[in-house]
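Asks: What follows is a predicted structure for the sequence shown.
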Amino acid sequence: MEPSKVQNRKSNKLARLWPWLAAVASGVMLALAYAPWNQSWLVWIALGPLLAAVWFGPQPQKRRWLYRLGLGYVTGLVYFWMAFLWITTVTVAGWATLPLYIALFVAPWSWLAGRSGDAEFRRQQTVKVLTSRPPETRPTFLQSRYNLLVALELAAAWTGLEWLRGWLFTGFGWNNLGVTLHESVPLIQIVDITGVGGLTFAIVFTNVIAVITVRRVMAEVGRIRLRPHWDFSATMSLIVGMFAYGIHTMRIHQLERPVSFAAIQANIPQDEKWDDAFAQSIYQRYHDLTLAAQALQPQLLLWPEAATPDSIFDSRDSFDFVKNLAAQGPGDFLLGTLDLNTPQGDFNAAVLLKDHASNYEIYHKMHLVPFGEYIPFRHSFPLFAWIVGDIVPGDFNAGKEPVVFTMSNGVKVAPLICFEDTIGRLDHLFVQRGAQLLVTITNDGWFKKSAESEQHLANAIFRAVENRRPLLRCANTGVTCWVDEYGNIRQTLLGADGTTFAQGILSGVVQVPQTAWTTFYTQHGEVFSVACLGLAAFFAGARNFRKREVA
């Protein structure tokens, strides 16, 4: 075979391969923006390789739509397989299977991106075309107005699809793109209006304009005089505006009142938690830690989710143990337990004991974790139950409505259980009902010393900012801390080795608002993200209409 033909064959193979490598690169960059890697800066350019593949890569003549869907799906698979690697500490099959589903929410975005650039980016432009045409008739990727419309469409689509992922079939909304910015405190203040979707929108918008800007510079350099383009300037203004809003908001302080607390992190390994052989040692550990915490005279004492080996409602010994401890303290006692064999079913519950344990309030967890607290379609689709195995032998029932606890001192508390502090569309309902303090009780011991607990906290921080309510978290192991209404982590329980996987007591004073003032997000929830989904649908419909009109 002639050397030229061999070279051409290699070039063709590379031309067909590079878009798929670019899709993988986008998935890797997206995942690296989360814990344990925490390279959040990558999220501003992570979609660039995928966009380049969809817009500038070789396109098949047939089934182009499937090719674009495939590129997006590959990005989603790599993204979620890497980001959720911690699921392997519980189930390898579950880790392998979950991204097969949630990557489906990336694929249509890639297809939509391809459609938005069909007429413009696929066209081969020449030097003569670029230099001879008047500005108004030059290729549209040189026109700022067109570029802003493309960025608006794709940012709205990604934001809407993220909301859909967090809602459909009860939802799995972990690790939206906006979550990567949890440490950029001034920038995230906008979520009191838009929710995390507002941050996701800005990230995707910036990615799109960045790729277009690079493409435009490559087309213009050496051919025509370079000039500023206001689509890039508008994008930078968007980011600066978000930052300025954050700085302004953080200077506004509400009237507050102090609430002292003590949160107990028992650090019980998951393989011991439900083993009868360890029951007595667990009770002893909670006994000793609780007496030490009560000596600090907290107004609110916290135990984590499902703290005791037995349900306090099913075991008289457990109930007496908890009640006697609660009666010795000066304040109220909030803990997690199971509420089993009720007429309505079995529940994961939070209980507030007050007035020296003479009465209590109870909340049944509303948002159950799929494959953790119940198996979707357990009986109609047994494959799911087979994948999980005996980890979830039976299903919990979901609570019907938010319950706001009222402490003895009148402070109203939202009792969130486990992953409920990652769900904005749920948590704002508690604040609508008057909650002044968000409290999470959780058990991240299932996932050992993985990145799960760090990702859990990163997702949860936004609940405080969205609702302008402090968030107090008590974990069996993981991250026990409190977060103020601006998203600053004010205190964290650390062990002698400097990690959060430790036994101990976190005590302090949290400031709760005195007024019932609520944010736009608290009042209206995920209206921004839902509107984005509607806007994306409008763009898609309008494009179809234009194509029919031209035809």
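Replies: Right, received. Where do you want to start?
Asks: can you list the domains in the protein?
Replies: When the chain is parsed with automatic domain parsing, its domains come out as 11-251+528-550, 256-366+401-516.
Asks: starting at the chain centroid, how far to the last one?
Replies: Distance of domain 256-366+401-516 from the chain centroid (CA atoms, centre = their mean, to the nearest Å) equals 21 Å.
Asks: how about the domains of the chain, which one is nearest Tyr374?
Replies: domain 11-251+528-550 (9.2 Å; CB to CB). C-beta: built from backbone N, CA, C; applies to glycine.
Asks: how far is the closest one from where the chain is centred?
Replies: Domain 11-251+528-550 sits 18 Å away from the centroid of its parent chain (CA atoms, centre = their mean).
Asks: avg pLDDT for it?
Replies: Domain 11-251+528-550 shows a mean pLDDT of 87.
Asks: again, but for stretch 292-307
Replies: Average pLDDT, stretch 292-307: 96.
Asks: Give the buried residues for that stretch.
Replies: 293-294, 296, 298-307 (16 or more other CB atoms under 10 Å).
Asks: ok, now stretch 97-111?
Replies: 97-99, 102-111.
Asks: can you check stretch 252-262 too?
Replies: For stretch 252-262, by 16+ other CB under 10 Å, it's 259-262.
Asks: which among the buried residues of stretch 97-111 gets closest to His287?
Replies: Distances from His287 to the buried residues of stretch 97-111, taken as CB to CB, are shortest for Leu98 (38.8 Å).
Asks: Can you give me the distance of that closest one to Ser453?
Replies: From Leu98 over to Ser453 the distance is 18 Å, taken as CB to CB, to the nearest Å.
Asks: cool, and Thr422?
Replies: Taken as CB to CB, the span from Thr422 to Ser453 is 12 Å.
Asks: what's the answer for Leu368, then?
Replies: From Leu368 to Ser453 the distance is 20 Å (CB to CB).
Asks: Point out the most buried one among the domains of the chain.
Replies: Most buried of these by mean neighbour count (mean count of other CB atoms under 10 Å) is domain 256-366+401-516; its value is a mean of 20.
Asks: mind checking the end-to-end distance for it?
Replies: Distance across domain 256-366+401-516, first residue to last, is 11 Å (CA to CA, to the nearest Å).
Asks: Over to stretch 357-375?
Replies: Terminal residues of stretch 357-375 lie 35 Å apart, using CA to CA.
Asks: Now do that stretch, average pLDDT.
Replies: Mean pLDDT, stretch 357-375: 86.
Asks: So what's the gap between stretch 241-254 and the chain middle?
Replies: With CA atoms, centre = their mean, you get 23 Å for stretch 241-254.
Asks: same for the helix or strand where Ala458 lies, what does it pack against?
Replies: In this assignment (DSSP states H and E), Ala458 forms part of helix 452-467. If you count contacts as 3 or more CB pairs under 8 Å, 6 or more residues apart in numbering; DSSP states H and E, helix 452-467 packs onto helix 191-194, helix 424-432, strand 437-442, strand 471-475, strand 481-483, helix 520-524.
Asks: any chance of these in CSV, with distance to Leu42 too?
Replies: Listed next are these as CSV, based on distance: least, CB to CB, whole Å:
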stretch, distance to Leu42
helix 191-194, 21
helix 424-432, 24
strand 437-442, 28
strand 471-475, 27
strand 481-483, 24
helix 520-524, 27
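Asks: is it true that Gly57 touches Ala23?
Replies: No - under the criterion of CB atoms under 8 Å, Gly57 makes no contact with Ala23, lying 9.4 Å away.
Asks: closest to Asp395 out of the domains of the chain?
Replies: Nearest to Asp395, of the domains of the chain and by CB to CB, is domain 256-366+401-516 at 7.9 Å.
Asks: now the stretch 301-450 of the chain, which segments are flagged as low pLDDT?
Replies: 377-394 (pLDDT under 70).
Asks: Which parts of it are helices?
Replies: Secondary structure of the stretch 301-450 of the chain (DSSP state H, counting those that start in this stretch): helices at 316-328, 383-388, 424-432.
Asks: Pipe the ones you listed into TSV and attach distance to Ile375 per row.
Replies: Below are the helices of the stretch 301-450 of the chain laid out as TSV (distance: least, CB to CB, whole Å):
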stretch	distance to Ile375
helix 316-328	27
helix 383-388	5
helix 424-432	21
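Asks: closest one to Gly178 among these?
Replies: Proximity to Gly178 (CB to CB) singles out helix 424-432 among the helices of the stretch 301-450 of the chain, at 10.6 Å.
Asks: isn't Leu352 right next to Thr337, touching?
Replies: No - counting by CB under 8 Å, Leu352 does not reach Thr337; the two are 11.4 Å apart.
Asks: contacts for the helix or strand harbouring Gly541?
Replies: Element membership of Gly541, judged by DSSP H and E, is helix 527-550. Taking contacts as CB atoms under 8 Å, 6 or more residues apart in numbering, the residues outside helix 527-550 that touch it are 112, 115-116, 152-153, 155-157, 159-164, 193-195, 197-198, 201.
Asks: Now distance to Pro376 too, for the domains of the chain, in TSV please.
Replies: What follows is these, written out as TSV (distance: least, CB to CB, whole Å):
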stretch	distance to Pro376
domain 11-251+528-550	7
domain 256-366+401-516	15
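Asks: Those domains: which one's closest to Thr522?
Replies: Of the domains of the chain, the one closest to Thr522 (CB to CB) turns out to be domain 256-366+401-516, at 4.8 Å.
Asks: biggest separation within the buried residues of stretch 97-111, which pair?
Replies: Maximum pairwise distance among the buried residues of stretch 97-111 (CB to CB): 23.2 Å, between Thr97 and Trp111.
Asks: any chance you could map the helices in the stretch 51-200 of the chain?
Replies: Under DSSP H, counting those that start in this stretch, the stretch 51-200 of the chain gives helices at 64-83, 92-102, 107-121, 127-132, 144-167, 191-194, 196-220.
Asks: May I have stretch 458-477 exported as CSV, CA atoms only?
Replies: Extracted C-alpha coordinates of stretch 458-477, given in CSV (Å, rounded to 0.1, in the frame of the first residue of the first chain):
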residue,chain,number,x,y,z
ALA,A,458,-21.3,20.4,49.3
ASN,A,459,-24.9,19.8,48.1
ALA,A,460,-26.4,20.6,51.4
ILE,A,461,-24.7,24.0,51.9
PHE,A,462,-27.1,25.6,49.3
ARG,A,463,-30.1,24.9,51.5
ALA,A,464,-28.9,27.5,54.0
VAL,A,465,-28.2,30.1,51.3
GLU,A,466,-31.5,29.5,49.4
ASN,A,467,-33.6,30.1,52.4
ARG,A,468,-31.3,32.3,54.5
ARG,A,469,-31.5,29.9,57.4
PRO,A,470,-28.5,28.4,59.2
LEU,A,471,-28.0,24.7,58.7
LEU,A,472,-26.9,22.4,61.6
ARG,A,473,-25.7,18.9,60.7
CYS,A,474,-25.3,15.9,63.0
ALA,A,475,-23.8,12.8,61.4
ASN,A,476,-23.1,9.3,62.8
THR,A,477,-19.9,9.7,60.9
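Asks: what's the lengthiest helix in the chain packed up against?
Replies: Longest helix of the chain, by residue count under DSSP state H: helix 3-32. In terms of contacts (3+ CB pairs under 8 Å, 6+ apart), helix 3-32 is packed against helix 48-56, helix 64-83.
Asks: Before I go, just wanted to say thanks for your time.
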